[in-house]
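# Generate coordinates for the sequence data below:
(one chain, ligands or ions: 3)
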Amino acid sequence: MRYFLLGLPGSGKSYWGKLWAENIKVLYFDLDEVIETNEGFSINEIFQNEGEEHFRNLETFYLNKLIDNYEGFILSTGGGTPCFNNNIKLMNEEGVSIFLNPPIKETAKRIWKPNGGNKRPMFSECNSLNDVELILNRLYKKRLPFYQEANKELNKWDENSLKGLK
Ligand SMILES: Nc1ncnc2c1ncn2[C@@H]1O[C@H](COP(=O)(O)OP(=O)(O)O)[C@@H](O)[C@H]1O
Ligand SMILES: O=C(O)C1=C[C@@H](OP(=O)(O)O)[C@@H](O)[C@H](O)C1
Ligand SMILES: [Mg+2]
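Ligands and ions are numbered 1, 2, ... in the order given. All right, here's what the predicted structure looks like:
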């Protein structure tokens, strides 16, 4: 089975994806890492040098490539992956998509880094925790219709949550 983890930046897709993959013994990929490794640039560099549209095309390209090459894995997608190029439809056809939906206040605290230390391009202009929360709320409103197309939604979870879904 292919599992696709969806949700806002900071919702825990990368953190939990890795842990769950070890737990149920399947391959693990993080779409951002796949892009960085194959392209030889960081996500930030790709956004800065080539722009968001190019990054979205890379996301779709590597998503398709992983699906073509592997029958079973957990994939932590990027926060925007399901919202572009009909990627949500593809993921729902090719596996199980799971929306990680923790409270935004928690998510904001996790990704807030002072002194411009935030590696996520969507938050590079943030000067306070409040700025992060504002952007997350804006993204949530825009992206919820896509996230809600996921096959499953988790509001609370732990190490064993994916075992229950198998
Ligand atoms: N349930 C959790 N409790 C505490 N910290 C968490 C939890 N989930 C994720 N984190 C931490 O929050 C940060 C963002 O999580 P991450 O998995 O990178 O989010 P995403 O990939 O969805 O953007 C990471 O530093 C991660 O270790
Ligand atoms: O929400 C987004 O548009 C993005 C989220 C990031 O991934 P995470 O959700 O893992 O932070 C990464 O793909 C890129 O910075 C764009
Ligand atoms: Mg991530």
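
# drop to CA atoms for contacts and neighbour counts, all remaining ones
Will do.

# The host helix or strand of A108 near ligand 2 at all?
In the assignment (DSSP states H and E), A108 maps to helix 104-111. No. Helix 104-111 lies apart from ligand 2 when judged by CA under 6 Å from any ligand atom; the minimum separation is 8.5 Å.

# which parts of that helix are buried?
Across helix 104-111, burial judged by 16 or more other CA atoms under 10 Å covers I104, T107, A108, I111.

# closest to ligand 1 among those residues?
Minimum distance to ligand 1 across these is 5.9 Å, recorded for I111 (CA to the nearest ligand atom).

# Excluding sequence neighbours, find me the nearest residue to the closest one.
Using CA to CA, 6 or more residues apart in numbering and skipping the chain neighbours, the partner closest in space to I111 is G10 (5.8 Å).

# Who are the contact partners of that neighbour?
G10 is in contact with T107, A108, R110, I111, counting by CA atoms under 8 Å, 6 or more residues apart in numbering.

# is it possible to export these to JSON lines including pLDDT and distance to ligand 1?
Below are the contacts of G10 laid out as JSON lines (pLDDT from 0 to 100; distance: CA to the nearest ligand atom, whole Å):
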{"residue": "T107", "pLDDT": "95", "distance to ligand 1": "7"}
{"residue": "A108", "pLDDT": "96", "distance to ligand 1": "9"}
{"residue": "R110", "pLDDT": "93", "distance to ligand 1": "5"}
{"residue": "I111", "pLDDT": "92", "distance to ligand 1": "6"}
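
# got the buried residues of helix 104-111 as CSV, with distance to V132 columns?
CSV is the format used below for the buried residues of helix 104-111 (distance: CA to CA, whole Å):
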residue, distance to V132
I104, 10
T107, 9
A108, 6
I111, 8
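
# Any regions of this protein where pLDDT drops low?
116, 166 (pLDDT under 70).

# what's the residue lying farthest from the centre of the chain in contact with, if anything?
Within the chain, N115 marks the point farthest from the mean C-alpha position, 24.3 Å out by CA atoms, centre = their mean. Shown in contact with N115 (CA under 8 Å, 6+ apart): N127.
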